[in-house]
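# Sequence plus predicted model, see below.
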Amino acid sequence: MGGTGGASRTAVMVCQGRAVAHGRLAVGRFDDPTALAFLLPAERGIVEQVRSGTTPAGWGPRLAFEMVRACAEVMAPRTVAIDDAVRQALPATPDGVPAARAQVVILGAGLDGRAWRMADLAATPVFEVDHPASQHDKRIRAGGLVPAGAPPRFVPVDFSRDDLAAALAAAGHRRSIPTIWIWEGVVPYLTRGQAARTLRIVGDRSAPGSRLIVHYHTSAPSAPLGRWASRLISALSRQSNPMAREPNRSVWTPRAMRRAVDARGFGVARDDSLLALARDLDTPIQHRRSLRNGRILVADRIPTPSSPAPDPTTYQSPR
Ligand SMILES: C[S@@+](CC[C@H](N)C(=O)[O-])C[C@H]1O[C@@H](n2cnc3c(N)ncnc32)[C@H](O)[C@@H]1O
């Protein structure tokens, strides 16, 4: 982890991307009023600059500006695709009101604002799992924000060494109720082994009706170039490199990710590149490579004899 006190810097970077995109990209489909609120005053300047479209003078500021602008281009389709997949999986009561018969677990939540901004989650328990340092930082930042429903339950876990299953159980996550798992922007920072371990626990704790949403990166020749550009931007703009202490540790082919998810009892419903999603949304496509290398996979639990038994008092199939 990087940043003050070890909190994630990449979480701030993607939050800046959402803050730039809010009200400007995919209007009517993308909306994140919490993003700016999660940022500290020192992190908002560049957001305002990109939103105003005033290109700064000098190489360093210019490169930093382009990096945040590119991030916004990625965050709009990524967020919309995940929000849509969450809404589709939420069970509804007969009057159409989302019921508390599911739970949401956000793995590596960073500055994700869904528990505050998604009215659809008002009746659904939300668990936010993250590295203890990042989570501590978020809890301070979230102080003034009002959650959509009950406040999210914070579950501090370092995926590289902590027991995710025990932490979730202790926080009140129930194996007998369908879970909507959001695993966004985290897989690249885990080794294959850490990702596989996490997936095993996700599989073990997924009742029938559960959905897994994974954002992952495919292998790309541009990745080393991106890291080099990030280092250069930081040196020129005299800001800390957000990727310095959060190096990429794994990339996946769509086939490998599908196999990993299949092996844990999920069936893939869709797996789209961010580029295809951006085209559908008609959002800007200036940073084609970043968009092409990111993918959103949506998979649903296939009931098996070893699936946790549904709780008859609370379970209801998703639509
Ligand atoms: C790029 S941010 C993504 C945050 C959020 N999911 C989003 O998309 O806005 C990466 C997140 O992964 C978390 N993370 C990375 N490695 C981790 C680890 N070993 N254990 C727990 N969390 C980790 C960081 O704390 C950070 O919140």
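It's in.
# OK, contacts around the residue in the stretch 1-150 of the chain that the ligand sits nearest to?
Nearest residue of the stretch 1-150 of the chain to the ligand (C-beta to the nearest ligand atom) works out as G110 at 2.4 Å. Bear in mind the C-beta positions are built from the backbone N, C-alpha and C, glycine included. Contacts for G110 (C-beta atoms under 8 Å, 6 or more residues apart in numbering) come out as 8, 10-11, 14-15, 130, 134, 138, 185.
# Also Y189?
For Y189, the contact set (C-beta under 8 Å, 6+ apart) comprises 10, 108, 246-249.
# any idea how far stretch 175-182 is from the chain center?
In terms of C-alpha atoms, centre = their mean, to the nearest Å, the centre of stretch 175-182 is set 16 Å apart from its chain centre.
# got it, and stretch 65-83?
Here the centre of stretch 65-83 is set off from its chain's centre by 11 Å, with C-alpha atoms, centre = their mean.
# quick one on the thing from earlier: in helices, which of the contacts of G110 fall?
Of the contacts of G110, the ones assigned to helices by DSSP state H are 10-11, 14-15, 134, 138.
# where does this protein have low pLDDT?
By pLDDT under 70, the low-scoring segments of the chain are 1-5, 93-100, 219-245, 305-319.
# redo that, cut-off 90
For the chain, the stretches with pLDDT under 90 are 1-5, 59-61, 63, 91-101, 219-249, 287, 289-290, 303-319.
# Tell me where it has helices.
9-21, 34-38, 41-52, 59-89, 114-117, 132-141, 164-171, 192-204, 223-237, 254-262, 274-281, 288-293.
# Can you tell me which of these is most buried?
helix 9-21 (a mean of 26; mean count of other C-beta atoms under 10 Å).
# what about that one, near the ligand?
Yes. Helix 9-21 lies within reach of the ligand by C-beta under 6 Å from any ligand atom, at 10-11, 14.
# pull the CA atoms of that helix into PDB?
Below are the C-alpha coordinates for helix 9-21, written out as PDB (Å, rounded to 0.1, in the frame of the first residue of the first chain):
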ATOM      1  CA  ARG A   9      -3.100   5.800  -3.500                       C
ATOM      2  CA  THR A  10      -4.600   4.000  -6.400                       C
ATOM      3  CA  ALA A  11      -8.000   4.200  -4.600                       C
ATOM      4  CA  VAL A  12      -7.600   8.000  -4.600                       C
ATOM      5  CA  MET A  13      -6.700   8.000  -8.300                       C
ATOM      6  CA  VAL A  14      -9.800   6.100  -9.400                       C
ATOM      7  CA  CYS A  15     -11.900   8.300  -7.100                       C
ATOM      8  CA  GLN A  16     -10.500  11.300  -8.900                       C
ATOM      9  CA  GLY A  17     -11.500   9.700 -12.200                       C
ATOM     10  CA  ARG A  18     -15.100   9.200 -10.900                       C
ATOM     11  CA  ALA A  19     -15.200  12.800  -9.600                       C
ATOM     12  CA  VAL A  20     -14.100  14.100 -13.100                       C
ATOM     13  CA  ALA A  21     -16.700  11.900 -14.900                       C
END
